[in-house]
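# All I have is the shape, not the residue letters:
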């Protein structure tokens with residue numbers, strides 16, 4: 001394990017207690033640079049969270065076989081770049097490479113440590129969908145059934161006719177503005193309900209469950225792929241009903257503990273204790289790698305395999321019309337033909353396979369099947385979306401995998 005120097009959070013929250021308004025990280029600024037360099041590693045100090053326990057079972061040991069991958073080079077947008085440059089230029093907080101179950105590289109920046117829980121943003125969606133796979137395997141959940149079969153409170157709302165599969169694949173015709181740069185967009189307004197921002201709109205529903213019922217239908221359910229974070233939160237409600245278990249306890253029981261996590265994780269809550277399943281999970285770098293390894297099939301080690309292999313295979317293959325509906329948004333930069341979105345994962349190739357779980361501000365878990373490599377990169381980008389940084393990371397993953405062969 002190596003800890004490399006990098007840009008700090010510029011003096012945020014310095015002191016005991018911290019003094020000076022220019023140092024404070026608050027709900028007003030914690031997602032904005034440079035405050036997010038501190039905020040993403042201290043989420044539970046800003047927002048209420050519930051513990052996702054690792055339980056009392058054995059830890060999945062990660063055997064170390066370290067290699068120097070920092071000098072590995074790759075091309076992005078016609079420019080040559082090294083892994084070291086990528087990590088330096090993209091506000092990296094943690095970077096971990098695992099090949100065939102062995103740690104090839106592990107680097108921490110910005111004061112992050114191995115036991116630091118980092119906000120995962122939308123990688124949380126991939127975790128939530130993995131839990132769905134567990135319930136499907138035990139026939140506790142039918143993904144093709146209407147969600148109203150389990151959540152009667154949604155009868156008569158925009159979610160009438162939506163199935164669990166529509167939620168998993170972002171194909172529900174629900175109106176939801178996902179413009180991260182617009183503070184008036186739905187994706188930013190609902191952060192007030194989930195306590196990620198100060199509550200300034202007093203007319204908002206009291207909690208997330210009441211908010212879901214206000215969303216209207218504006219398209220066909222089962223139609224085109226339309227990325228909508230709120231769908232994963234509705235999915236979490238469905239999972240809770242199917243299992244009669246609160247979300248954080250469900251993730252612990254079905255995924256975190258049996259996969260051999262080393263540390264507890266956590267998830268942010270609204271004022272009534274509803275988990276923000278679409279983007280509120282926080283976890284350590286190594287445990288996120290353990291999660292990514294669940295999607296690295298085939299593997300000789302099934303001791304800690306908790307996500308059903310059939311679910312993983314279905315995620316990678318996707319729906320027959322998956323690529324077609326994925327392309328309805330127009331050209332997807334960095335995604336080759338045949339790409340699709342399935343059960344919380346972005347599938348770049350079903351052949352290799354090559355897939356990733358991704359969250360805004362630079363949270364990524366890449367799985368490269370051809371080289372049996374998992375790469376985790378946790379970041380605190382200045383902007384919610386940075387297509388070049390994402391494409392560069394994808395190119396780096398392929399280059400690293402080939403280098404380690």
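Great, that's in hand. Only a predicted model underlies this, so the values are computations on that prediction, with no experimental measurement involved. Residues are numbered from 1 along each chain as shown.

# after the helix or strand of the chain with the lowest mean pLDDT comes which helix or strand?
Least confident helix or strand, the chain: strand 2-3 with a mean of 46, by mean pLDDT, DSSP states H and E. Sequence-wise, the next helix or strand beyond strand 2-3 is helix 36-39, with elements assigned using DSSP states H and E.

# Kindly provide the whole-number mean pLDDT of that next one.
Per-region confidence: helix 36-39 scores 97 on mean pLDDT.

# Contacts for the helix or strand just after it, please.
Sequence order places strand 49-52 as the next helix or strand after helix 36-39, per DSSP H and E. For strand 49-52, the surrounding residues in contact (C-beta atoms under 8 Å, 6 or more residues apart in numbering) are 43, 246-248, 251-252, 256, 264-269, 273, 275, 280-283. C-beta: built from backbone N, CA, C; applies to glycine.

# ok now strand 49-52, how far from the chain's centre?
16 Å (C-alpha atoms, centre = their mean, to the nearest Å).

# Mind listing what's buried along that strand?
Buried positions in strand 49-52, judged by neighbour count with 16 or more other C-beta atoms under 10 Å: 49, 50, 52.

# how long is stretch 105-125 end to end?
26 Å (C-alpha to C-alpha, to the nearest Å).

# typo on my end, stretch 39-51
For stretch 39-51, the first-to-last residue distance is 18 Å (C-alpha to C-alpha).

# in this protein, what spans have low per-residue confidence?
Low-confidence segments of the chain, defined by pLDDT under 70: 1-10, 298-301, 328-334.

# all helices for it, in order.
With DSSP state H as the criterion, the chain has helices at 36-39, 83-89, 123-137, 164-168, 186-193, 208-212, 230-243, 247-251, 285-293, 309-317, 322-326, 387-404.

# Reformat those helices as a markdown table; add mean neighbour count and distance to residue 341.
Shown next, in a markdown table, are those (neighbours: other C-beta atoms under 10 Å; distance: least, C-beta to C-beta, whole Å):
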| stretch | mean neighbour count | distance to residue 341 |
| --- | --- | --- |
| helix 36-39 | 25 | 26 |
| helix 83-89 | 18 | 24 |
| helix 123-137 | 25 | 10 |
| helix 164-168 | 25 | 9 |
| helix 186-193 | 20 | 17 |
| helix 208-212 | 20 | 21 |
| helix 230-243 | 23 | 11 |
| helix 247-251 | 24 | 21 |
| helix 285-293 | 25 | 17 |
| helix 309-317 | 18 | 10 |
| helix 322-326 | 19 | 6 |
| helix 387-404 | 20 | 14 |
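
# Residue 369: which of those helices is closest?
Residue 369 sits nearest to helix 309-317 of all the helices of the chain, at 7.9 Å, using C-beta to C-beta.

# any idea how far the closest one is from the chain center?
18 Å.

# residues near the residue nearest to residue 388 when sequence neighbours are not counted, how many?
Spatially, and ignoring its direct neighbours in sequence, residue 388 is nearest to residue 77 (6.5 Å; C-beta to C-beta, 6 or more residues apart in numbering). Number of residues near residue 77 (other C-beta atoms under 10 Å) recorded here: 10.

# ditto for residue 66
So residue 66, with other C-beta under 10 Å, has 13 neighbours.

# now residue 199
Neighbouring residues of residue 199 were enumerated by other C-beta under 10 Å; the total is 12.

# Return the residues in contact with it.
192, 193.

# Recalculate using a threshold of 7 Å.
For residue 199, the contacting residues are residue 192, by C-beta atoms under 7 Å, 6 or more residues apart in numbering.

# For residue 267, see how far away it is.
19 Å (C-beta to C-beta, to the nearest Å).

# Residue 26 too?
21 Å.

# These two: who's more crowded?
Ranked by neighbour count (other C-beta under 10 Å), residue 26 and residue 267 place residue 267 first, with 28 against 11.

# hang on, isn't that one packed against residue 283?
No. At 9.5 Å, residue 267 and residue 283 do not qualify as touching, with contact defined as C-beta atoms under 7 Å.

# Now do stretch 360-379: distance to the chain's middle.
In terms of C-alpha atoms, centre = their mean, the centre of stretch 360-379 is set 11 Å apart from its chain centre.

# What of stretch 138-156?
The answer for stretch 138-156 is 24 Å, by C-alpha atoms, centre = their mean.

# List the contacts of it.
132, 135-136, 159-165, 167-168, 209, 212-213, 234, 237-238, 241-243.

# do stretch 29-44 as well
9-10, 12-13, 25, 46, 49, 91, 93, 110, 112, 116, 118-119, 266, 268, 282, 361, 380, 382.

# If we go by neighbour counts, what in it is buried?
Buried residues in stretch 29-44 (16+ other C-beta under 10 Å): 30-31, 33-44.

# quick revisit: of the contacts of stretch 29-44, buried ones?
9, 12-13, 25, 46, 49, 91, 93, 110, 112, 116, 118-119, 266, 268, 282, 361, 380.

# would you turn the buried residues of stretch 29-44 into CSV with distance to residue 323?
Converted to CSV, these look like this (distance: C-beta to C-beta, whole Å):
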residue, distance to residue 323
30, 37
31, 33
33, 35
34, 39
35, 39
36, 34
37, 37
38, 40
39, 37
40, 33
41, 37
42, 40
43, 35
44, 39
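
# Now flag whichever of the residues you listed is closest to residue 365.
Of all these, residue 365 sits closest to residue 40, with 15.5 Å by C-beta to C-beta.

# list the contacts for residue 397?
Residue 397 neighbours (C-beta under 7 Å, 6+ apart): 366, 368, 373, 375.

# Let me know the distance separating it from residue 404.
11 Å.
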